[in-house]
Structure formats: structure tokens, C-alpha cells
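Engineer: compute the structure for the input listed below.
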Amino acid sequence: MAGRIEDYALIGDMQTAALVCRDGTVDWLCLPRFDSHAIFAGLLGTEDHGFWRLGPAHAADSEPPAATRRGYLGDSLILQSEWDTPRGTVRVTDFMPPRDGAPQLTRIVEGVSGRVQMRSALRMRFSYGRITPWVHKVDGRTVAVAGPDSVWLDSEAETYGKNLTTYSDFTVAPGEQVAFTIQWQPSHQKPPSLPDPQGALAATQEFWREWVEHCTYHGPYREAVVRSLITLKALTYAPTGGIVAAPTTSLPEEIGGVRNWDYRYTWLRDAAITLSSLLRTGYREEARAWREWLLRAVAGDPENLQIMYGIAGERELGEAELDWLPGYENSTPVRVGNGAAHQLQLDVYGEVTEALHLAHMTGLARNDYASLLQLKLIQYLEKHWDEPDEGIWEVRGPRRHFVHSKVMAWVAVDRTIKLLESGDADGPIERWRELRDDIHRDVCARGYDAERNTFTQSYGSKELDASLLLIPQMGFLPPDDKRVIGTIEAIQRELSTPDGFILRYPTDGDNAGLDGLPGDEGAFLACSFWMADDLAMIGRVDEARKLFEKLLNLRNDLGLLAEEWDPHLQRQVGNFPQAFSHVPLIDTALRLTSSGAYSG
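Structural biologist: Residues are numbered from 1 along each chain as shown. Now for the predicted structure:
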């Protein structure tokens, strides 16, 4: 059985990522890309679906022991886990070197004290646990082959096969090291080069040291901000600049429920807000790469903008269910692909335009096609902003006039007007100023409940929605506007969990199925960060700081966050780690630091 979501560590090479549990088990790894088939899918099933455990030997009828302590090696994505055993202490270092050739996962065992018996158990199952590969030796190296894929295992330790699993049993004394490396290669090509574990470790350390040095944030929350930035970098697909929402699929928003989605794609919204956080902390190269990815993905067809694309700009992300996987803690179905790709979500135009605007304002070199794309997006919005859509939360029910979608349409027009005012593009500025005013009037007239002094989820509805918290952050209304303050306070009353975190929208009672789905979900962590932001903006900075620090305490021991927090089970839920949680963490830290709203 897989561990709790917060029991996992992330390692990766900016092209794919692995999740390593506290007991030294890699339960998730897709090769060669984030969105490739998993060779270890135990996270969504059982050990029969693939895993790689490396840790102290234990009795067959007992649970593998969890590491006594673990942590990342400084500001890096290199994981170190240590076990204190009756016979001594041992350390395992796990990492994936930034790729220059075949993708690698390297695990180095090092004796610290005493003599510790160790075991590696490697069970590769291709195609999300469905295919058992042919495992054999070639020139002393172990290779697993099935169809187009091959995975090569290299180690100085002796290996043997048993029960369709590759084992290695060995002992380490102080100072002794034993390394294991797996590498993926197309099965029709020659074997990958022999790995150099120590050289790869040194190069990986140097990569992260140099990358973190570019961070311009030096405030009181630096540890949390840097860890979040490293996580966001790990979710970036280096060859193209695309940014995945998370490296996993189908980790449930409700344990045992059906809200299980594939997040291994580039949502324009998630990527745009990720870009904005990277820009504000000194990472302009990532911004440039993402802008180039965007222009390629949308090229020639901006009128049919998708809300998400594949990491290389693919448009077809057909959704399917893997019925041979029982799901994480029996949460089914397990889905790959994402059927929401072709939804109409008008807010995306605002997020993309805001990201392009911020890149322009922070001095990113001008790109004429980016400006042309921005103008074409507004031409589309002119004709379609007043249509109903599926909204930011990708509801699978009927389309509605979501207030947040209209606000973000206003943002798109507003930021494009600023582009025209700067003289860097030409367009019908007076017509678009009128459009901006029309959208603003429409939202304030049809999306605001004067009786309750709050904006609502959609025109004519009574329900609230946490996305309304973005109204002051986007500059649609000033923070001291009574309608803004009323909305913040209404969301606090109606969408707060007992422990003070914020739900996206109501899904229980009379609102069950409002989003077209059965079941419930946890508190959406991004929404709670937005609340902290808003509280700081309206002058309630002590309250904002307390909420922010409560949210920091939800991170696992390595500083990682999933998508949601289950207030009943008191655990993380949803895909992990989640860009949409780490981005607002960074943003709120920046706001609180600038306001002086921190302790110590």
C-alpha cells in the first residue's frame, strides 16, 4: 500500500520526476517525460504495479522501516534519507541529474556507522503497471525491455531475479558506498553510457547551487520560498519551457472519491501564474522560455486557445481510464489525459495577458509576435467575453456566467490597453477602453449581491466562490472598496473549514453536484493563500500572517504541498506536489514581507 501523500519526496531532472516514500520506495516514475507511461505505478495500485525499494533489510512479513530522518541536501532536489538500525546507521542519497543524454535515477547507499544489511528490490512494470518486461543481462548489465522501452540497471552490487523482481543484498560499513542507477533508452537504440554516480551527484549539486543563487528574495520566509521555487523549477519541462501543474495523475481530491485528474500537462493558467512568481523572484530565463513555448503552442490558431496543452504544445490530450489500477487508497477511476482541455474558460485569457504584461514590465526583451498574440486574444474576447463558460474550476456541469471569468476578461483588456499606452503595439485603444468599462459595469451590476454585500460565483447565483478573492489582487476594485471587504468577509463566513482554511466553493448539502461531480473535496490550498493576501491588502496583516503560517505548517517535512487539505482526515489530498499551491505561497510571502507582517 502506498504511503500518505505527504510521506513522499520529489526528485526530478526538469523532464520527469519520481516520488520517493519515507521507507525508501520509489512508487511513481514516468519515463522519459512527465506525461509518459509510468514504470513505477505502485502509488496508484499495489507493488504488483511497479516499485523500487532501497533500505535496510527487513523480515518478509514486516513493513519496511521508515527513514529515521530525511531532508534535501541544502537548496537542491537531492534527497538524503538516514536509517538508525540496531546494527548501525546508513544513508541513501536519491537524485536525478539534469539530463544530458538518457534520463537517470541514481541512488547511492553510504555506511555511516556499524555494519548495516541492505536490500534493493526493483520491480519494473511498464505501461502503468500493466506490462511485465523481459529482464535479462547484457554484458554484465541488467536491462528490462518491453516494446519501445528499455530500462538499464547498473550497480557494482550483485543482483539476482526472484518472483519477477530484481534484488540485491549487501552490507555497508562506515565510509563504504554502493550506487545503483537506472536509465531509460528507446529499446531499438544501443545501450546508454555507463553512469558516473559521483560525477552526476557533483554536477547536480552545482546545478542547483547556481540556480538558487539567482533568487532575489531574502525575506523571513526564504526557506519556504526557495523550496517552492525549486519545486516549480522541477515542474518545468526544460526542452520546451512548458510547466506541468503536477507530476502525478489521479491522486484524489477526496479519498475514495472520483475527483481524480491527470495534471501532467501545461495549463495556461497555472503556467502563467508560475511565470509571474518566477519573474518576481529573479528568474527571467524561465519566463523567456515559457513565452516561447506559449507562442509555439498557440501559433496560428489563437481563436481556438486551449486551456491546456501537452508539455511540447500537443493539443490532443484525450482522457482515458486505466481500469487495471485500483487507485490511490481505492480512489477510482485512475485517469490519464484530460478531457477539460477543450473547455471554454475565459479567465485564461486574463492570466496569459497578465503574464505577458508582467514579462514586459520586468524588462524581458520585446517579442513582436507576443504583442500580436495579445492583440488577437483581445479581438476574440471582444466577441465572446459575455458568453457563459466552464470557469477556473473546470466544472463538468452546465456553463455559467462566472464572475471570476468576467473579471479576468477585464484584466486581459486592461493589460492590453497598458501595452498600447506604452507605445509598444498599435490597436483600437478607445474602443477597448469602452470594452473595459462595459465589462466592469456588467460584473458590478450582475455579479454583485447588494443585499449580502458580496460578489457571487456566477450571475444570479447565491453561492460564493474563493476565486472572488482575486478581485482586489487583479486591480479590478481597490482593496478598501466596501464590496471587496464584504466579499472577503462573506467567504470567511461561508467557505471556511473549522480550522480556518478556504474551500473553492460549496459542494455539500443543497450544493452537492453543483460542479457536475458527485462527492466532496478538501480545502483548496491556493484559496487559503489568496485569503491571506486579501487580509493583508485590507490592513488585517496580523490575521494574514497567522493564516499564512498555519498554511506553512501544512507542508510536509520537506516543504511540499499537494493541491488540497482534507480538514476531516487532517492530511494532504490531490496531485502532488502542486504548482498551484506553491505559487501563491511565494506570492503571499512577498506581500507579507513587503508589509512587514511577520514575527521575529
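Engineer: could you pull out the helices for the stretch 451-600 of the chain?
Structural biologist: 470-473, 482-494, 525-537, 541-552, 579-595 (DSSP state H, counting those that start in this stretch).
Engineer: same check on the chain?
Structural biologist: 126-129, 197-212, 222-234, 268-280, 284-298, 347-361, 368-384, 403-421, 429-446, 470-473, 482-494, 525-537, 541-552, 579-595 (DSSP state H).
Engineer: let me know which of the ones you listed is tucked in deepest.
Structural biologist: Of all the helices of the chain, helix 525-537 has the most neighbours on average by mean count of other Cβ atoms under 10 Å, namely a mean of 26. Any C-beta I mention is one placed from the backbone N, CA and C, and that applies to glycine too.
Engineer: what's that one packed up against?
Structural biologist: If you count contacts as 3 or more Cβ pairs under 8 Å, 6 or more residues apart in numbering; DSSP states H and E, helix 525-537 packs onto helix 470-473, helix 482-494, helix 541-552, strand 564-566, helix 579-595.
Engineer: for W410, what are its contacts?
Structural biologist: W410 sits next to G350, R436, I439, H440, V443, M474, F476 when contact means Cβ atoms under 8 Å, 6 or more residues apart in numbering.
Engineer: also A66?
Structural biologist: D7, R22, D23.
Engineer: so which of those residues comes closest to L294?
Structural biologist: D7 (35.2 Å; Cβ to Cβ).
Engineer: which residues does that closest one contact?
Structural biologist: C21, R22, A66, N556.
Engineer: min pLDDT across the residues you listed, which one?
Structural biologist: Sorting those by pLDDT puts A66 at the bottom of the list (95).
Engineer: quote the end-to-end distance of stretch 126-141.
Structural biologist: Length of stretch 126-141, first residue to last, Cα to Cα, to the nearest Å: 19 Å.
Engineer: other residues contacting that stretch?
Structural biologist: By Cβ under 8 Å, 6+ apart, the residues outside stretch 126-141 that reach it are 37-39, 41-42, 44-45, 48-50, 124-125, 142-147, 149, 151-154, 161, 164, 166, 191, 322, 324-325, 334, 336.
Engineer: show me which positions of that stretch end up buried.
Structural biologist: For stretch 126-141, the neighbour count (16 or more other Cβ atoms under 10 Å) marks F126, S127, Y128, G129, R130, T132, P133, V135, R141 as buried.
Engineer: filter the contacts of stretch 126-141 to the buried ones?
Structural biologist: 37-39, 41-42, 44-45, 49-50, 124-125, 142-146, 149, 151-154, 166, 322, 325, 334, 336.
Engineer: tell me, how many neighbours does G339 end up with?
Structural biologist: 15 (other Cβ atoms under 10 Å).
Engineer: so who does it touch?
Structural biologist: Taking Cβ under 8 Å, 6+ apart, one finds L317, G318, E319 in contact with G339.
Engineer: tell me which of these is nearest to P197?
Structural biologist: So of the contacts of G339, ranked by how close each gets to P197 (Cβ to Cβ), first place is L317, at 36.0 Å.
Engineer: separation between the closest one and A17?
Structural biologist: As judged by Cβ to Cβ, to the nearest Å, L317 and A17 stand 19 Å apart.
Engineer: what sits closest to Y369 if chain neighbours are left out?
Structural biologist: Excluding the flanking residues, the one nearest Y369 by Cβ to Cβ, 6 or more residues apart in numbering is L295, at 5.5 Å.
Engineer: separation between that neighbour and P506?
Structural biologist: 39 Å.
Engineer: how about the buried residues of stretch 126-141 in a markdown table, adding distance to T240?
Structural biologist: Formatted as a markdown table, the buried residues of stretch 126-141 follow (distance: Cβ to Cβ, whole Å):
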| residue | distance to T240 |
| --- | --- |
| F126 | 24 |
| S127 | 24 |
| Y128 | 24 |
| G129 | 28 |
| R130 | 28 |
| T132 | 32 |
| P133 | 28 |
| V135 | 33 |
| R141 | 31 |
